[in-house]
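Undergrad: Predicted model, plus sequence, below.
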Amino acid sequence: MRVSPILLYLCTFIFVGCSGKQPTRTAEILGWKEMSVEHREIVLAGQRAYEQYCAGCHGVNGDGKGAAADMLLTKPRNFTSGLFKFKLTPTGSLPTDDDVIRTITNGVSRTSMPAWSLVPERERFALVQYIKTFSARWTSERPAQAILIPDPPSFVGTAMSVANGKRVYADMQCNKCHGDFGRGDGPSSADLTDTDGIPIKPFNFTTGLLKGGSTVKDIYRTFTTGLDGTPMPAYGDVIPEEDRWHMISYVLYLMKRTTVNDEAIAAAEKELPRPTNQ
């Protein structure tokens, strides 16, 4: 069952706004005793925002088990794990505040997570500080250094770059999950789950928008840092930067966002150096 954003807003309004009282978190806020008075005020402001906008799906305790969660095809994020998909920090590390704010602001395409860009920036910042109290990871770890995303090279989207990207796609066996033609129908696609054991489908590049954003830089971020908590690995230390840009070119082609045609790509493939036997 797919729930529309409008229905989701209604569910949140009914659950939070019309229940007679707002939900309250049952557990003590992690790190409360170590917080300064000023930070406590920010966290409490974030708690009020969370209970108003987020608890209906993500749950009062941040475990992804809100009142609307069972109706959602894509399950809400479980904040207690401390795992976040869309971030500029290396795989396995915590996100920066800006990473979480970006997701809250932009929403997540193809899910019931709406864009909360109309919520004041100060309130979104406070919301992030409260979300961080759901996982003990935030008391013992710090986010790693965020990667820098360079401007895309001029060759991105060209026939030769698409041809190179197609080669990298095959070499990295992306087809096992995403399929030979990027339709999300690879031989492993039916058996994939996230870290909570919830079935997860590989993205179909031929339709729709990427959940973490579909700009060239968004795709670069995903390829470089991966999607924590999912089978999508990080390629930042595996694939050279130029080849990641080529793979982005191929993905853009699959998404019909390049002007090159099949004939031009086939001609470019003939110019690629032949692989040498190992």
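TA: In hand now; what should we look at?
Undergrad: Kindly list the main-chain dihedrals of residue 265?
TA: Dihedral pair for residue 265: phi -70, psi -40, per degrees, to the nearest 10.
Undergrad: pLDDT wise, what is it at?
TA: Listed pLDDT for residue 265 reads 97.
Undergrad: and what of residue 24?
TA: So, for residue 24, pLDDT stands at 60.
Undergrad: List the buried residues for stretch 167-175?
TA: Going by neighbour count (16 or more other C-beta atoms under 10 Å), the buried part of stretch 167-175 is 167-169, 172, 174-175. The C-beta positions use only the backbone N, C-alpha and C, and glycine is treated the same way.
Undergrad: What is the end-to-end distance of it?
TA: One end of stretch 167-175 to the other measures 11 Å (C-alpha to C-alpha, to the nearest Å).
Undergrad: now do stretch 49-62
TA: End-to-end span of stretch 49-62 (C-alpha to C-alpha): 13 Å.
Undergrad: Repeat that for stretch 57-76.
TA: Span of stretch 57-76 from end to end, C-alpha to C-alpha: 6 Å.
Undergrad: I'd like the distance from stretch 239-257 to the chain centre, please.
TA: Distance of stretch 239-257 from the chain centroid (C-alpha atoms, centre = their mean, to the nearest Å) equals 18 Å.
Undergrad: Tell me the buried residues in that stretch?
TA: Here stretch 239-257 shows 239, 243-255 as buried, counting by 16+ other C-beta under 10 Å.
Undergrad: Repeat that for stretch 215-231.
TA: Neighbour-count burial for stretch 215-231, counted by 16+ other C-beta under 10 Å, picks out 216, 218-231.
Undergrad: Looking at it now, give me its mean pLDDT.
TA: 97.
Undergrad: now do stretch 70-88
TA: Mean per-residue pLDDT for stretch 70-88: 94.
Undergrad: Residue 226 versus the closest residue in space to residue 74 that isn't next to it in sequence, what's the distance?
TA: Distances taken as C-beta to C-beta, 6 or more residues apart in numbering place residue 111 nearest to residue 74, at 4.1 Å, with adjacent residues excluded. Note on residue 111: its distance to residue 226, by C-beta to C-beta, to the nearest Å, is 19 Å.
Undergrad: what stretches of the stretch 1-150 of the chain score poorly on pLDDT?
TA: Low-confidence segments of the stretch 1-150 of the chain (pLDDT under 70): 1-28.
Undergrad: ranges for the helices of it?
TA: 5-12, 37-53, 55-58, 97-106, 121-131, 137-140 (DSSP state H, counting those that start in this stretch).
Undergrad: Deepest-packed of these, please.
TA: Of all those, helix 55-58 carries the top mean neighbour count, a mean of 24, counting by mean count of other C-beta atoms under 10 Å.
Undergrad: Show me what that helix is packed against.
TA: Secondary-structure packing of helix 55-58 (3 or more C-beta pairs under 8 Å, 6 or more residues apart in numbering; DSSP states H and E): helix 5-12.
Undergrad: at 6 Å instead, please
TA: Packing partners of helix 55-58 (3 or more C-beta pairs under 6 Å, 6 or more residues apart in numbering; DSSP states H and E): none among the helices and strands.
Undergrad: before we move on, the earlier item: looking at the helices of the stretch 1-150 of the chain, spot the one closest to residue 265.
TA: helix 97-106 (31.5 Å; C-beta to C-beta).
Undergrad: For the closest one, give me every contacting residue.
TA: 86-88, 115-117, 124, 128 (C-beta atoms under 6 Å, 6 or more residues apart in numbering).
Undergrad: related to what we said a few turns ago, quick check, nearest of the buried residues of stretch 239-257 to residue 185?
TA: residue 254 (12.8 Å).
Undergrad: Now the closest one: phi and psi?
TA: Torsion angles, degrees, to the nearest 10, at residue 254: phi -60, psi -30.
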